[in-house]
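Trainee: Sequence and predicted structure, then a few things I'm wondering about:
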Amino acid sequence: MQTTESAMPKCSASSVKTVSKARITPKADIFETETSFGVLLDLPGVSQEEIEISLDNGVLTVGAQPEASEVTPYYRRFRLSSSVDVAAVQAKLQHGVLELILPKRPESQRKIISLSTH
């Protein structure tokens, strides 16, 4: 079958929609200790250089844009508690798992109060 230009539908630039690549929302394991919160995210197929972590107005955003075209980008956002010490947040990637450690501000940590005997 031959196709001629006249048989092709005409499209203007305004009628063409750009289809963006889907993003995966990675599952998160969230845990709490006495001194910090922790988040574990599965990001298989991603290197450290391909991950962007940002913190803006109490929202922690994790994005990963893998170089390999067969790997879908990852994206996840978390609203942080005011008890998190945002200046001390740490992240590491090991075996495809991103670990975020979100330390609690000292004034937000649990304190044991002794009873007086009088």
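Mentor: Received it, and whenever you're ready, just let me know what you need.
Trainee: Any idea what the residue nearest to the spatial centre of the chain is bridged to?
Mentor: Taking CA atoms, centre = their mean as the criterion, Val62 is the residue nearest the geometric centre of the chain, at 2.2 Å. Following DSSP bridges, Val62 is listed with bridge partners Ile53, Arg76.
Trainee: wait, it sits on Val89?
Mentor: No - using CB atoms under 8 Å, Val62 is not in contact with Val89; the gap is 11.4 Å. C-beta coordinates here come from the backbone N, C-alpha and C atoms, glycine included.
Trainee: Are there residues contacting both of the two? Which ones?
Mentor: Counting by CB atoms under 8 Å, 6 or more residues apart in numbering, the common neighbours of Val62 and Val89 are Leu100.
Trainee: which residue packs closest to Ala91, ignoring adjacent ones?
Mentor: Leu100 (5.1 Å; CB to CB, 6 or more residues apart in numbering).
Trainee: Packing partners of the helix or strand encompassing that neighbour?
Mentor: With elements taken from DSSP states H and E, the one containing Leu100 is strand 97-103. Using 3 or more CB pairs under 8 Å, 6 or more residues apart in numbering; DSSP states H and E, the elements in contact with strand 97-103 are strand 36-42, strand 59-64, strand 90-94.
Trainee: Now render those as JSON lines, adding distance to Ile24.
Mentor: Below are the helices and strands packed on strand 97-103 laid out as JSON lines (distance: least, CB to CB, whole Å):
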{"stretch": "strand 36-42", "distance to Ile24": "10"}
{"stretch": "strand 59-64", "distance to Ile24": "9"}
{"stretch": "strand 90-94", "distance to Ile24": "16"}
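Trainee: Just send these back as CSV, with distance to Ile51 and mean pLDDT too.
Mentor: Formatted as CSV, the helices and strands packed on strand 97-103 follow (distance: least, CB to CB, whole Å; pLDDT from 0 to 100):
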stretch, distance to Ile51, mean pLDDT
strand 36-42, 9, 96
strand 59-64, 5, 95
strand 90-94, 7, 97
